[in-house]
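> any chance you can model this:
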Amino acid sequence: MEIIGFILFGLVVGLIAKFLMPGRDPGGLFVTTMIGMVGALVGGLIGRFILGRGESYTPGWIMSIVGALILLFLYRKFGRRQA
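Numbering: from 1, shown residues only. Modelled structure (predicted):
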């Protein structure tokens, strides 16, 4: 059940990130979910190492969305270009 919850969490975070960042949205539902899931992990790393929150820090909604926004920006900047 935790895996399904994390997938749904990633989908919601990815959708929020795509809504907050203007511009053309690359990818479909799978890419949106992956951006949200990996964004939660990036948000956790930001909280642990950059903000100095410690090893027991787990990202909340805001840090997960921040991580997803960073990944979405990088995906748009360096992702596969279509002609």
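> separation between the closest residue to Leu11 other than its chain neighbours and Gly27?
Nearest residue to Leu11, sequence neighbours excluded (CB to CB, 6 or more residues apart in numbering): Thr33, at 4.6 Å. Just so you know, the C-beta spots here come from the backbone N, C-alpha and C atoms, and that holds for glycine as well. As for Thr33, its distance to Gly27 is 9 Å (criterion: CB to CB, to the nearest Å).
> then Ile4?
21 Å.
> compare neighbour counts for those two and give me the winner.
A side-by-side neighbour count of Ile4 and Gly27, using other CB atoms under 10 Å, places Gly27 first with 17 against 8.
> isn't the more buried one up against Arg76?
No: the pair Gly27 / Arg76 is not scored as a contact, 9.9 Å apart, by CB atoms under 8 Å.
> the helix or strand containing Leu74: how far from the chain's middle?
Take DSSP states H and E as the rule and Leu74 turns out to sit in helix 61-78. Distance of helix 61-78 from its chain centroid, counting by CA atoms, centre = their mean, to the nearest Å, is 5 Å.
> how about stretch 37-44?
Using CA atoms, centre = their mean, the offset of stretch 37-44 from its chain centre is 5 Å.
> this structure: helices as residue ranges?
For the chain, helices defined by DSSP state H occupy the ranges 2-20, 29-45, 61-78.
> tell me, how many residues neighbour the closest residue to Met37 other than its chain neighbours?
Leaving aside its chain neighbours, Met37 sits nearest to Gly10 (3.2 Å; criterion: CB to CB, 6+ apart). For Gly10, the number of neighbouring residues by other CB under 10 Å comes to 22.
> lovely, talk soon.
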